[in-house]
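Asker: Sequence plus predicted model, see below.
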Protein chains: 2
Amino acid sequence: MTQPTIYDVARAAGVAPSTVSRAFSRPGRVNANTAERIRQVAAELGYRTNPMARALSTSRTSMIALIISDITNPFFFEIIRGAQNAAAEAGYTMLLTDTQESDRLEREALERSLPTIEGIVLAGSRMPDSAIRMTAKQKPVIVLNRAVADVPSVVTDIPRGVRRAAEHLGGLLHETVTYVAGPEASWTDGMRWRSLREASTELNLKVRRIGPFPPTVEGGVRAATELAAHPTSAVLAYNDQLAIGLIRGLRAMGAAVPGDISVIGFDNIFAADLVTPGLTTVSAPLRAMGATAVKHLLAIIAGARAGSGRPVVLPTRLVVRDSTAQRSRKRTSPAWGTTKVSGSAWKAATSTSPGSR
Amino acid sequence: MTQPTIYDVARAAGVAPSTVSRAFSRPGRVNANTAERIRQVAAELGYRTNPMARALSTSRTSMIALIISDITNPFFFEIIRGAQNAAAEAGYTMLLTDTQESDRLEREALERSLPTIEGIVLAGSRMPDSAIRMTAKQKPVIVLNRAVADVPSVVTDIPRGVRRAAEHLGGLLHETVTYVAGPEASWTDGMRWRSLREASTELNLKVRRIGPFPPTVEGGVRAATELAAHPTSAVLAYNDQLAIGLIRGLRAMGAAVPGDISVIGFDNIFAADLVTPGLTTVSAPLRAMGATAVKHLLAIIAGARAGSGRPVVLPTRLVVRDSTAQRSRKRTSPAWGTTKVSGSAWKAATSTSPGSR
DNA sequence: TTGAAAGCGCTAACAG
DNA sequence: CTGTTAGCGCTTTCAA
């Protein structure tokens, strides 16, 4: 009992196969009654149009690919969901590929799926701009969270988000903020750091930068020991995982957050609200990002001219929780410059040595 | 500049198209030299076999689908990754669909992708057994974390995991444990509860059950107020999210975890290690689950008889962190039966009223 | 508006 | 081992 084909339907309905085809793909071009009868018969027979056969002759597969660099990164969850919703809504199926931060896997995945799909959303690509432009020549591509010349993209308003974060910190009387950097290759990282520098200039804050670190909790723990060498009362981390790790590391070393150090992260991942203290973070409209990217992609596939050439930019906002607080006057001094101080040692050190700057 | 076809290669290599085809799909059946030459020419021309055309004539698409109920549920991350790795390794592309806990979306996704794929892994399906058996008639299906008669499945050793958890609790002198239930429709939930009852009988523990609750942090918070009505010194929650929410709720009400109440979760999601206190939990080999499911699926697709009919069961183990501790003698009594007690009120109440049982 | 016929690119017999 | 010949199921001219 195999799937009925267009021929079976045609025979049963007493029309030519081509008419059946039309009835499904171009309902306008067929007599309303015949069309109705065909649908009827098709339904009875349980006919389903074979996507492969259709694709073979039209090369429209109704599939797009979403390629992400790390599916365990909470940052992508809502993006995936937003993207998938938008795709499903348009009758498209989404191929999701996790490249595990590997350039090789990314290329392989591209290689494998390119012939099958109509377009690609690249989220967190680890390939160089040139490679991205290359694939953009073969199929429509939308880049998420990164700007690549000549390739349409969707990004968030990082400058504004960073600005808010800096203002928040300034308002809490912090004077110097350390940026804990993420992956060097990351466009977002560069953008965040640059934005911070710009904002600080205007706001009269001093900035420093440590890193790069892997954008993980583990990386944050490592960052803590590095921060200990030249502590500042405020920190902006590349992302939430890093921020969370940083806080853990700091606490393990005896520093209080936000008592001694205020920490702000990026992305507002689900765990940001779960950790102690709740993480103050710059949040992005994740779901909308995914949906927007897919919508634009589908528009381009449908033949839209690739927009203005400028990235689509989505708003960000600062979510204030408990990892930031007013700078405590008497603890300005980097009294815990030694890395391996125990908790109590650190407490003792800082409480007995008032600020010296 | 369109993609070269098998005909272009054939012409350029001076052989028949079918030979080119053979050279790629059945290298054995062609003269080594010719094969080499064909590969050569194909490479030069940049020939890539068109998967749709191949699929049309062989109905082998090299695609499988992984359908999960909630992509934001950390439980699935590693499963997805394991599944994808296994698929890629076998040259298969994976279609990932998030059904957002919706039966409708799940059916639609199935509908949409069924004709394109060779098999399906159903993880956290919300469809009734009958519907699953139905689709299993059309394409090979593997069910993850659920046993459906006549459909091959991969599950974890819940009884053993629960047993370990119960032993752990017993060892800490707890006498009664409350099971905080997840979704009623969940096979896993039923299994966990049943296993707990069985284990408790043997271990001489008393058990109670509250719920069902949505398997989220939010659900856990709600569970806390319900638990307050009949508190016990130990709790086993349906999953980690619920456990985390529960702890938050309890703490908000002034109960100490693990001081007053020990909490154990399930699945060992990434946040379990991040929250305070670190969550004791029954962990499952997530990655292996995904990989195993896909491997079995591919085996079945390749023609293997569908195993013994028994589910494949993967081991679990108890990860002990800080949310469990020895029962404190003087606090056995449910002194905080009133729901809306403030933190200090609860402390006062419990510290002044020694156990009465 | 409908039918007939010719592919889409590849694979699978079947001969040679 | 290789060439020839039919299709896979659908869409798309081109006529009628």
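Answerer: Yep, it's here. What you see is a predicted model, and the numbers here were worked out from it, not measured in a lab. Numbers count the residues shown, from 1 in each chain, chains lettered A, B, ... in the order given.
Asker: can stretch A:237-250 be found next to chain B?
Answerer: Yes: looking at stretch A:237-250 against chain B by CB under 8 Å from any CB of the partner chain, the contacts come from A:244, A:248. In this view, the C-beta of every residue, glycine as well, is placed from N, C-alpha and C.
Asker: Using PDB, write out every CA atom in that stretch.
Answerer: Backbone C-alpha positions of stretch A:237-250 (Å, rounded to 0.1, in the frame of the first residue of the first chain) are rendered in PDB as follows:
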ATOM      1  CA  ALA A 237      31.300  40.400  30.900                       C
ATOM      2  CA  TYR A 238      31.000  39.300  27.300                       C
ATOM      3  CA  ASN A 239      28.100  37.100  28.100                       C
ATOM      4  CA  ASP A 240      26.100  35.700  30.900                       C
ATOM      5  CA  GLN A 241      27.900  32.400  31.200                       C
ATOM      6  CA  LEU A 242      31.200  34.300  31.600                       C
ATOM      7  CA  ALA A 243      29.600  36.600  34.200                       C
ATOM      8  CA  ILE A 244      28.200  33.700  36.100                       C
ATOM      9  CA  GLY A 245      31.500  32.000  36.200                       C
ATOM     10  CA  LEU A 246      33.200  35.100  37.200                       C
ATOM     11  CA  ILE A 247      30.900  35.600  40.100                       C
ATOM     12  CA  ARG A 248      31.500  32.100  41.200                       C
ATOM     13  CA  GLY A 249      35.300  32.600  40.900                       C
ATOM     14  CA  LEU A 250      35.200  35.800  42.800                       C
END
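Asker: any idea how far that stretch is from the chain center?
Answerer: Taking CA atoms, centre = their mean, to the nearest Å, one finds the center of stretch A:237-250 at 18 Å from the center of the full chain.
Asker: and that stretch, what's its mean pLDDT?
Answerer: When pLDDT is averaged along stretch A:237-250, the result is 96.
Asker: likewise stretch A:74-81?
Answerer: Averaged across stretch A:74-81, pLDDT comes to 90.
Asker: do it and chain B meet at all?
Answerer: Yes: with CB under 8 Å from any CB as the criterion, chain B is reached by stretch A:74-81 at A:74, A:77, A:78, A:80, A:81.
Asker: List the buried residues in that stretch.
Answerer: Residues of stretch A:74-81 classed as buried by neighbour count (16 or more other CB atoms under 10 Å in any protein chain shown): A:74, A:75, A:76, A:77, A:78, A:79, A:80, A:81.
Asker: Enumerate every residue touching the second one.
Answerer: The neighbours of residue A:75, taking CB atoms under 8 Å, 6 or more residues apart in numbering or on different chains as the test, are A:239, A:240, A:267, A:269, A:286.
Asker: Give the burial count for the fourth one, as a bare number.
Answerer: Spelled out, it's residue A:269. When neighbours are defined as other CB atoms under 10 Å in any protein chain shown, residue A:269 has 25 of them.
Asker: cool, the second one as well?
Answerer: Applying other CB under 10 Å, we find 28 other residues in the vicinity of residue A:240.
Asker: Quick one: residues contacting it.
Answerer: Residues in contact with residue A:240 (CB under 8 Å, 6+ apart) are A:74, A:75, A:265, A:266, A:267, A:268, A:269, A:271, A:272, A:279, A:281.
Asker: same thing but at 10 Å, please
Answerer: Contacts here follow CB atoms under 10 Å, 6 or more residues apart in numbering or on different chains; on that basis residue A:240 touches A:73-75, A:215, A:217, A:220, A:264-272, A:275, A:279, A:281-283.
Asker: So which of those are in strands?
Answerer: When strands are assigned by DSSP state E, the members of the contacts of residue A:240 inside them are A:264, A:265, A:266, A:267, A:281, A:282, A:283.
Asker: Backbone dihedrals for residue A:237, both of them.
Answerer: Backbone dihedrals for residue A:237, given as degrees, to the nearest 10, come out at phi -100, psi 150.
Asker: For it, which non-adjacent residue is closest in space?
Answerer: Once flanking residues are discounted, residue A:237 sits nearest to residue A:243: 3.8 Å by CB to CB, 6 or more residues apart in numbering or on different chains.
Asker: Just confirm that neighbour is within a helix.
Answerer: Yes: applying DSSP: H, G, I helix; E, B strand; the rest coil, one finds residue A:243 inside a helix.
Asker: how would you label residue A:96: helix, strand or coil?
Answerer: Classification of residue A:96 using three-state DSSP returns strand.
Asker: Who does the closest residue to it other than its chain neighbours form a beta bridge with?
Answerer: Residue nearest to residue A:96 in three dimensions, not counting chain neighbours: residue B:96, with 3.9 Å by CB to CB, 6+ apart. In this structure, residue B:96 has the following beta-bridge partners (DSSP bridges): residue B:66.
Asker: And residue B:96, what's its pLDDT?
Answerer: At residue B:96 the predicted local confidence, pLDDT, stands at 89.
Asker: Repeat that for residue A:24.
Answerer: pLDDT for residue A:24: 92.
Asker: cool, and residue A:107?
Answerer: Per-residue confidence for residue A:107 comes out at a pLDDT of 91.
Asker: okay, the buried residues of stretch A:74-81 in JSON lines with distance to residue B:159 next?
Answerer: JSON lines is the format used below for those (distance: CB to CB, whole Å):
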{"residue": "A:74", "distance to residue B:159": "31"}
{"residue": "A:75", "distance to residue B:159": "36"}
{"residue": "A:76", "distance to residue B:159": "34"}
{"residue": "A:77", "distance to residue B:159": "31"}
{"residue": "A:78", "distance to residue B:159": "35"}
{"residue": "A:79", "distance to residue B:159": "38"}
{"residue": "A:80", "distance to residue B:159": "34"}
{"residue": "A:81", "distance to residue B:159": "34"}
